[in-house]
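J.: any chance you can model this:
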Amino acid sequence: MQYVVMSVYVLFSVAGVTCFKLGSSGTLNISMTNTYFSIKISWLSVLGLLLYVVSFLIYMGLISKNQLSYLIPLVTGAVYLLTMASSIVIFKEPVRFFQLIGSVLILAGLVLIHLKSK
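T.: Next comes the predicted model:
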């Protein structure tokens with residue numbers, strides 16, 4: 001069950017930052033005038049913020065129930081790898097050689113952490 005919750009956290013976190021980035025590329029306008037403060041944020045940015053808040057709450061629950069030395073590297077690495085994948089696929093960002101090498105090392109570390117925990 002903990003792996004399901006970890007997976008949900010990772011997916012919500014990645015979806016949150018991806019949606020926020022998608023939404024902020026168009027209509028993110030924050031202004032302050034003499035009479036009031038106005039914010040214009042697209043619905044995708046709002047969805048991204050909501051997903052990220054939910055992922056934070058899940059993260060707090062995971063931290064309270066799991067070993068930090070296992071949890072933090074595992075979910076942080078997974079979030080990094082999936083965020084990189086979404087930035088390549090959705091935003092068409094280039095991948096540099098050292099990013100690729102780093103990602104392979106992170107993936108190897110995730111496998112080793114998981115094997116060591118069994």
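J.: quick one, what contacts the nearest residue to S45 once chain neighbours are set aside?
T.: Of all residues not flanking S45 in the chain, G23 sits nearest, at 3.2 Å (CB to CB, 6 or more residues apart in numbering). C-beta here means a position set from N, CA and C on the backbone, and glycine is covered the same way. Neighbour list for G23: 41-48 [criterion: CB atoms under 8 Å, 6 or more residues apart in numbering].
J.: quick one: the helices in this structure?
T.: 2-24, 43-65, 68-89, 97-117 (DSSP state H).
J.: hey, which of those is tucked in deepest?
T.: Comparing the helices of the chain by mean neighbour count (mean count of other CB atoms under 10 Å), helix 2-24 ranks first with a mean of 18.
J.: for the closest residue to N66 other than its chain neighbours, give its distance to V8.
T.: Sequence neighbours aside, Q2 is the residue nearest to N66 in space, at 6.4 Å (criterion: CB to CB, 6+ apart). As judged by CB to CB, to the nearest Å, Q2 and V8 stand 11 Å apart.
J.: before we move on, the earlier item: could I get the helices of the chain as CSV with mean pLDDT?
T.: Formatted as CSV, the helices of the chain follow (pLDDT from 0 to 100):
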stretch, mean pLDDT
helix 2-24, 93
helix 43-65, 94
helix 68-89, 93
helix 97-117, 89
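J.: before we move on, back to that, nearest to S103 among the contacts of G23?
T.: Comparing the contacts of G23 against S103 with CB to CB places G48 closest, at 23.0 Å.
J.: the closest one against V17, yeah?
T.: Yes - between G48 and V17 there is a contact under CB atoms under 8 Å: 6.6 Å.
J.: what residues does the closest residue to L71 other than its chain neighbours make contact with?
T.: Spatial nearest neighbour of L71, chain neighbours left out: L62 (5.8 Å); criterion: CB to CB, 6+ apart. Shown in contact with L62 (CB under 8 Å, 6+ apart): 2, 5-6, 9, 71, 75.
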